[in-house]
Structures are given as C-alpha cells and as structure tokens.
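>>> sequence plus predicted model, see below.
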Amino acid sequence: QVQLVESGGGSVQAGGSLRLSCKVFGSIYSTQCMAWFRQARGKEREGVARINSDGDTRYRDSMKGRFTISQDNAKNTVYLQMDNLKPEDTAMYYCAAADWCTTWSPSSFGYWGQGTQVTVSS
C-alpha cells in the first residue's frame, strides 16, 4: 500500500523557519515528480514547489528565495525548507506525487498525504 506521510508542521512567528518532511512508503518513489502544495482556509489548493527524479526544481514565484525543496532518495523522503515565513504562508501543506513534473494542477497528482498544518503569526 502506498502512503505519503508529512511531518514538521507547527506554529512559528513571522520570519521564522520550518522544515517539512514527506516520507514515501511503497513503490511510487520511482515516479518522476514529487511536490508540495498548500491550501489556506477558504482558498484553492496551490502548488508550492516540485522536484523531478533528476533533481530539477520549480517554485511558485512568491516562494522563490524563501522555500527550498529537496529529496533524499536513500530515505525515500522529500523535504520543504521554509525560511522567512509570513502570515500569508499559513495553510495546510500537502505532499503529492505524479508521473511527470509538467504542471501545477492538483488533478495531475495521483498520490497525496494527509497534510501538515503550518501557522505563522505576526
């Protein structure tokens, strides 16, 4: 059975940092694309960062320079380092997997974790 399990969320003050982890259980780690999405209350789910099997990364413009996605293939784990957090970063953060890293559309990602909450206070 395939599972994506996120951890590392929490509450921080503006300007602080958090590192999210996504552990992949099962055989999907051979997929081409791992990504982080987030969904704030009352808003649509949006892509944050993605990484392909070659290690190439893409970010939403508002996250560039603040967020860093990485992966440890030996541990079947994907990370999201978030620095200089802002109150508008408050959201549930989800890990997802897809066959290809060509889109930010959530519907293209077939595997999802349960999410981890990030709350940033001013």
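Right, received. Where do you want to start?

>>> elements contacting the helix or strand hosting Arg19?
Secondary structure assignment for Arg19, by DSSP states H and E: strand 18-25. When contacts are defined as 3 or more Cβ pairs under 8 Å, 6 or more residues apart in numbering; DSSP states H and E, strand 18-25 packs onto strand 3-7, strand 33-39, strand 77-82, strand 91-98, strand 116-121. All C-beta atoms are positioned from the backbone trio N, CA, C, and that covers glycine.

>>> figure out which of those strands is closest to Arg58.
strand 33-39 (8.7 Å; Cβ to Cβ).

>>> the residue nearest the centre of the chain and Gln1, how far apart?
By Cα atoms, centre = their mean, the chain has its centre lying nearest to Trp36, at 2.1 Å. Separation of Trp36 from Gln1 (Cβ to Cβ, to the nearest Å) stands at 22 Å.

>>> same thing with Thr57?
Distance of Thr57 to Gln1, given as Cβ to Cβ: 28 Å.

>>> same list (the helices and strands packed on strand 18-25) but as TSV, adding mean pLDDT and distance to Asp61.
Below are those laid out as TSV (pLDDT from 0 to 100; distance: least, Cβ to Cβ, whole Å):
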stretch	mean pLDDT	distance to Asp61
strand 3-7	95	23
strand 33-39	96	14
strand 77-82	97	15
strand 91-98	96	17
strand 116-121	98	19
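
>>> for those strands, give me a markdown table that also has distance to Ile69.
As requested, those are exported to a markdown table (distance: least, Cβ to Cβ, whole Å):
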| stretch | distance to Ile69 |
| --- | --- |
| strand 3-7 | 13 |
| strand 33-39 | 6 |
| strand 77-82 | 6 |
| strand 91-98 | 10 |
| strand 116-121 | 15 |
